[in-house]
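Visitor: Just a sequence and a predicted model for now, questions to come.
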Amino acid sequence: MSMMKKLSNGIPAACLAATALVAGTMALAAPAHATAHDCQQYLSNRGYSLTATRVNACATGSGGSWVDYGLCLVRLTDSGVTQSHAENACDLADN
């Protein structure tokens with residue numbers, strides 16, 4: 001059945017537009033939650049335990065500013081994460 005045929009079977013255009021808006025909003029919101037998670041996953045995959053300090057550092061790093069990135073970096077390295085791993089993790093948090 002063609003798309004035009006489906007649309008002409010009584011599905012209001014406003015309903016389709018609302019569905020597209022909600023789906024688009026959800027797609028935009030998802031990455032904000034994934035960035036701190038990506039940072040944490042990166043650290044975990046490299047053998048670091050996810051302490052409260054490291055989880056909070058990743059969350060701070062997802063703030064989007066250079067200050068947040070710097071705090072993420074300092075907190076991770078202070079917790080025993082190597083400089084290069086901390087840089088990569090904070091980069092992931094900042095995406």
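Guide: That came through fine.

Visitor: ok, so what distance separates S44 from H85?
Guide: 11 Å (Cβ to Cβ, to the nearest Å). From N, CA and C alone the C-beta is placed, and that goes for glycine too.

Visitor: Mutual contacts of these two, please.
Guide: When contacts are counted by Cβ atoms under 8 Å, 6 or more residues apart in numbering, the set common to S44 and H85 is empty.

Visitor: so what's V55 up against?
Guide: A36, Q40.

Visitor: secondary structure element for it?
Guide: Taking DSSP states H and E as the criterion, V55 maps to helix 52-61.

Visitor: list the buried ones in that helix?
Guide: Buried residues in helix 52-61, counting neighbours by 16 or more other Cβ atoms under 10 Å, are found at R54, A57, C58, A59, T60, G61.

Visitor: quick revisit: higher neighbour count, S44 and H85?
Guide: H85 (17 against 13; other Cβ atoms under 10 Å).

Visitor: Can you lay out the buried residues of helix 52-61 as TSV showing pLDDT and distance to V74?
Guide: Converted to TSV, those look like this (pLDDT from 0 to 100; distance: Cβ to Cβ, whole Å):
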residue	pLDDT	distance to V74
R54	98	12
A57	98	8
C58	97	13
A59	96	14
T60	97	10
G61	96	10
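
Visitor: Just the closest of the residues you listed to D38, please.
Guide: Ranked by distance to D38 (Cβ to Cβ), these are led by C58 at 8.2 Å.

Visitor: so who does the closest residue to H37 other than its chain neighbours touch?
Guide: Counting by Cβ to Cβ, 6 or more residues apart in numbering, C58 is the residue found nearest to H37 once chain neighbours are left out, at 7.9 Å. Applying Cβ under 8 Å, 6+ apart to C58 gives the contacts A36, H37, C39, Q40, L43, C72, A89, C90, A93.
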